[in-house]
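Chemist: Sequence first, predicted coordinates after that:
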Amino acid sequence: MIQPIVHRSLRREDLTRLVDAIRWGSAGAARSAAQALEAGVVHDVLDAPEALEAVRGYGGAPAPLPLTLLWYIPVRAALRERGEHDIPLADFTASIPLVFLRTTASEVTRGGERGIAAWWRAVVGLPEGSRARAERASRCGALALWWSGCFPQHLERRGGKGMIRAYLTFGATMLWETARLVEAQCSPLAALYGRAAERMELLCHALRTAAADYLGPDAHTSEGRLSRYLERLGEALAN
C-alpha cells in the first residue's frame, strides 16, 4: 500500500546536507538549523522558511538533496500555508511522487489499460475485504492524485478541467475504500487514508505547488521538459 515513507527513510546525513544548503542563503539560519538538529527537533529544520528557499535553489536549480526532501519540504509548506499541519498527511502526499517515479500505471493495475475506468475494474475485481483489494485501492487512489497534482495540463487536454475533477473524485473514492478495508483489518493507517480522502483537493494543490519547481508545465512531454531545463539554466546563469 502507499504509505508515508519520507520520515522513516531520512538519515542524519540528509539533514546535514539540508543545513549546508541553507548556509548558501543564510549563515544565521544554518546555525539555527544545526542547533535544532543537534537537539533532535527535526521538524523545526524541515519547516523552516529557509529550508524551503534552499530546496528551491534560491531561484536557480533545486538544491542537490535527496528526493525525499525535495518533495516533502515544499509539500509540507504548501499544506501549512493552507492551515493543514498534519505531518503524516504531508509525508503521505510527498511519498506519492517518490513511489511513482519507479512505478508505471500498468504496474498498478497489473495490465496494460490506463485511466480511471480501468483502475476501477482492477480494484472491484479483487475479493471484497482482502488485503490485495486494499493495496490496489490505495495505489489507484494515489495514482489519480499524482496525475491530478503533477500533470494537470495533460488531463485538461484529454477532457478539460472536468477530467481533473473526475480524477480527484475517483482518487478520494479509492482512498475511502482503502480506509474502510484497512480499518476492518485494525490497521492504524485507516485514519490517514480517510483524512487523505477528505483533503484530496488540498493534497492536489500541494503536489502541484511542489511539481511546479521540478516539472513545470507539460512535464510529460519532451518539449515541456526541454523548456523547463532551459528556463532553469537561464535562472542559474543570471544568479
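Modeler: Sure, I can see it.
Chemist: okay, CA-based contacts and neighbour counts for the rest of this
Modeler: Noted.
Chemist: contacting residues around the most centrally placed residue in the chain?
Modeler: Central residue of the chain (Cα atoms, centre = their mean): residue 94, 2.9 Å from the mean position. Contacts for residue 94 (Cα atoms under 8 Å, 6 or more residues apart in numbering) come out as 4, 6, 68, 71, 72, 75, 207.
Chemist: rerun at 7 Å
Modeler: 71, 72, 75 (Cα atoms under 7 Å, 6 or more residues apart in numbering).
Chemist: List buried residues within the residues you listed.
Modeler: 71, 72, 75 (16 or more other Cα atoms under 10 Å).
Chemist: now those in TSV, with secondary structure and distance to residue 90?
Modeler: Shown next, in TSV, are the buried ones among the contacts of residue 94 (DSSP: H, G, I helix; E, B strand; the rest coil; distance: Cα to Cα, whole Å):
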residue	secondary structure	distance to residue 90
71	helix	10
72	helix	7
75	helix	6
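Chemist: Which one of these is nearest to residue 199?
Modeler: residue 75 (13.5 Å; Cα to Cα).
Chemist: helix/strand/coil for residue 129?
Modeler: coil (DSSP: H, G, I helix; E, B strand; the rest coil).
Chemist: And for it, the neighbour number?
Modeler: Neighbour count of residue 129, defined by other Cα atoms under 10 Å: 15.
Chemist: Which secondary structure state does residue 85 sit in?
Modeler: At residue 85 the chain is in coil, as set by three-state DSSP.
Chemist: Let's see the pLDDT reported for it.
Modeler: Residue 85 carries a pLDDT value of 96.
Chemist: So what does it look like in phi/psi?
Modeler: phi -110, psi 10 (degrees, to the nearest 10).
Chemist: Would you mark the buried spots in stretch 182-199?
Modeler: 182, 183, 190, 192, 193, 194, 195, 196, 197.
Chemist: a markdown table for those residues, including distance to residue 156, pLDDT and secondary structure?
Modeler: As requested, these are exported to a markdown table (distance: Cα to Cα, whole Å; pLDDT from 0 to 100; DSSP: H, G, I helix; E, B strand; the rest coil):
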| residue | distance to residue 156 | pLDDT | secondary structure |
| --- | --- | --- | --- |
| 182 | 33 | 92 | helix |
| 183 | 35 | 90 | helix |
| 190 | 31 | 93 | helix |
| 192 | 29 | 96 | helix |
| 193 | 26 | 97 | helix |
| 194 | 27 | 96 | helix |
| 195 | 26 | 97 | helix |
| 196 | 23 | 97 | helix |
| 197 | 22 | 97 | helix |
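Chemist: Specify which member of these is nearest to residue 35.
Modeler: When these are compared for distance to residue 35 (Cα to Cα), residue 192 wins out at 31.3 Å.
Chemist: which ones are touching that closest one?
Modeler: With Cα under 7 Å, 6+ apart, residue 192 has these contacts: residue 89.
Chemist: With residue 186 as the reference, measure out to it.
Modeler: Distance from residue 192 to residue 186, counting by Cα to Cα, to the nearest Å: 13 Å.
Chemist: what do you get for residue 213?
Modeler: Residue 213 is 38 Å from residue 186, by Cα to Cα.
Chemist: same check, this time on residue 98
Modeler: Taking Cα to Cα, one finds residue 98 at 27 Å from residue 186.
Chemist: do the same with residue 127
Modeler: Counting by Cα to Cα, the separation of residue 127 from residue 186 is 18 Å.
Chemist: Same question for residue 34.
Modeler: In terms of Cα to Cα, residue 34 sits 39 Å off from residue 186.
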